[in-house]
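1. my questions concern the predicted model and sequence given below.
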Amino acid sequence: MRTKVVVPPETASAAPVQVFSAPWVLPVVRPPIRDGAVAVDAGGTIVAVGPRADVLGGLGFHDELEVRCEGALVPGLVNAHTHLELSWLSGAVPGGDGVIAWTRRLVEKVTAARATKDATTTENSRFAAAVAAAHAARALGTAALGDVGNGILGWRAMAHARLRGLFFHELVGSREHRTGDALADAAAERATVLEPELAGATPTIPAVPAPHAPYSVGPDLIRRIFAAAAAAGLPTTIHLAEDPDEVALLADGSGGWPEVLRAMGVDPGERAPRLGPCAYLAGLGAFGASDGAAAPPPLLVHMVCAGPGDRRRAREAGATVVLCPRSNLHIGGRLPDVAALIEEGVALALGTDSLASAPDLSLWAEMRALAAAFPEVPPRRWLEAATDGGARALGLGSTLGALDVGRRPGLVCVDARIAPGEPQPERALIANAEPSAIRWLALAGAEPSAHAPTSAGPSPVVAPWPGPYSPSLSP
Ligand SMILES: [Zn+2]
């Protein structure tokens, strides 16, 4: 690989621009480019994308002044659902028999750790595990997370690893019961973080409250959380339709949750609205308040047991369904109807969930799991969900998620051997994106460049683009 910072002669006084080229460039929002290149300014902003000859010619470069990737260039990935705070439980929570049993084991582990005060479970050790997981995610080509945490440890770990994204401060009914106002209590907890600590990420990672799930949070608090997120102008997230017990509780108060809730002193009737998951959330303001006030649509995580009505409501609301296939297989042994979600045009993102239910934070492994389970789906769908889909869902679609002029998504080289005539290069990319094949060429997260690409600088170069991807299953 040759590495040089280059300055186009005609813009020598402007910020330096670097050109990256590869046999394949996968912009995500445009078709793959054979023998392509991407030009990036010093602030990380893409100023040109297209066939290599056009990019070099358009910028007045000579061909020796470039960084070469011998595989495929892709934008930094966006992992839309993690729980960094659970990283210390890596591999420690067996699954296979559903959410209730898995959650019970998780709680037992946490309770036992508190009792023994084991050195591996101290706050410092948990933070170290979260930081290590965040850095490992970044090393796998991840630029941003949608991280969910009961506490704020994951938020701090994101900043430590210089990841971008959004922190979802997750609330459960017991916090409301204990403090009288979970939202105020959580806000006070976030205020304890020193601003310089979060300034590790550029810009500072915003935080927003999020309800855990319909069975663990009462309707009044869910409504207040959605209202708070809307007032902040940020999307929030919720685990939804993850398991048959949850859907049974909501539909008619049956399944395994009523017994668990009663044991916790919660009236199950309060959480059994006799509605489907999305219909229930709609009534609580998840998809915009009844007064018509606009709110960024939420990220609906899992949707394993979503029905046609849930998919329709999600699509109509512009909500994103976050798929975490390896976690779903670990906990409950089944996957959502992804083919139906795609066929019906529901926006998709990918997440890994936590290390307590997935072996690592690799979105590449999630893409491989989906490709194996749904071979009829064109593989570009998975790359799209793992990049632009997550970026848009987190409100970062103008900066992250695609190799597009004006965005600052970071640039990842995957040393995957892809045949020159390959009609679906994403298939070989996903199959071959092992950790040793991945390296960052330009990092995401820089502030917007003062040198806008459309100002005095060179004209953007773009590949021909026939139109948006259709939501059909055809390649
Ligand atoms: Zn989760």
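-> Yep, it's here.
2. which of the helices and strands in the chain ranks last by mean pLDDT?
-> Within the chain, no helix or strand scores below helix 195-198, which has a mean of 62 by mean pLDDT, DSSP states H and E.
3. C-terminal to that one, what's the next element?
-> strand 207-211 (DSSP states H and E).
4. sheet-wise, list the partners of that next one with their directions.
-> Here strand 207-211 has these sheet partners by DSSP bridges: strand 164-171 (parallel).
5. show the contacting residues for the residue nearest the centre of the chain.
-> With distances taken as CA atoms, centre = their mean, the residue of the chain nearest its centroid is A80 (1.6 Å). With contact taken as CB atoms under 8 Å, 6 or more residues apart in numbering, A80 is in contact with 145-146, 299, 320, 322, 349-351, 389-390, 393-394. For the C-beta atoms, the positions are set from N, CA and C on the backbone; glycine is no exception.
6. tell me the pLDDT of the residue nearest to L299 when sequence neighbours are not counted.
-> Spatial nearest neighbour of L299, excluding adjacent residues (CB to CB, 6 or more residues apart in numbering): T237 at 4.0 Å. You'll see T237 listed with a pLDDT of 98.
7. if I look at T179, how far off is L59?
-> 57 Å (CB to CB, to the nearest Å).
8. more neighbours: which of the two?
-> L59 (23 against 13; other CB atoms under 10 Å).
9. the more buried one reaches A37, doesn't it?
-> No: using CB atoms under 8 Å, L59 is not in contact with A37, being 9.3 Å away.
10. which neighbours do these two have in common?
-> Going by CB under 8 Å, 6+ apart, residues that sit against L59 and also against A37 are 19, 48.
11. pLDDT (mean, whole number) over the host helix or strand of C278?
-> Using DSSP H and E, C278 sits in helix 277-283. Helix 277-283 shows a mean pLDDT of 97.
12. just the ones in helices from the contacts of A80, please.
-> 390, 393 (DSSP state H).
13. just give me the closest of the contacts of A80 to W102.
-> For those, the closest approach to W102 (CB to CB) belongs to G351, at 16.5 Å.
14. can you tell me how far the residue lying closest to that closest one once chain neighbours are set aside is from L383?
-> Of all residues not flanking G351 in the chain, H81 sits nearest, at 2.6 Å (CB to CB, 6+ apart). Per CB to CB, H81 is found 17 Å from L383.
15. same check, this time on H83
-> 24 Å.
16. the two: which is more packed in?
-> Using other CB under 10 Å as the criterion, H83 and L383 rank with L383 on top: 28 against 25.
17. and that one, what pLDDT?
-> Taking L383 on its own, its pLDDT is 98.
18. the residue nearest to it when sequence neighbours are not counted: what's it in contact with?
-> Using CB to CB, 6+ apart and skipping residues adjacent in sequence, the residue nearest L383 is E426, 4.9 Å away. Residues counted as contacts of E426 (CB under 8 Å, 6+ apart) are 26, 32, 378-380, 382-383.
19. which one of the residues you listed is nearest L250?
-> Distances from L250 to these, taken by CB to CB, are shortest for W382, at 29.7 Å.
20. that closest one reaches A369, doesn't it?
-> No: using CB under 8 Å, W382 makes no contact with A369, being 9.3 Å away.
21. those two: which is more packed in?
-> Shown here are W382 and A369; by other CB under 10 Å, W382 has more neighbours (29 against 21).
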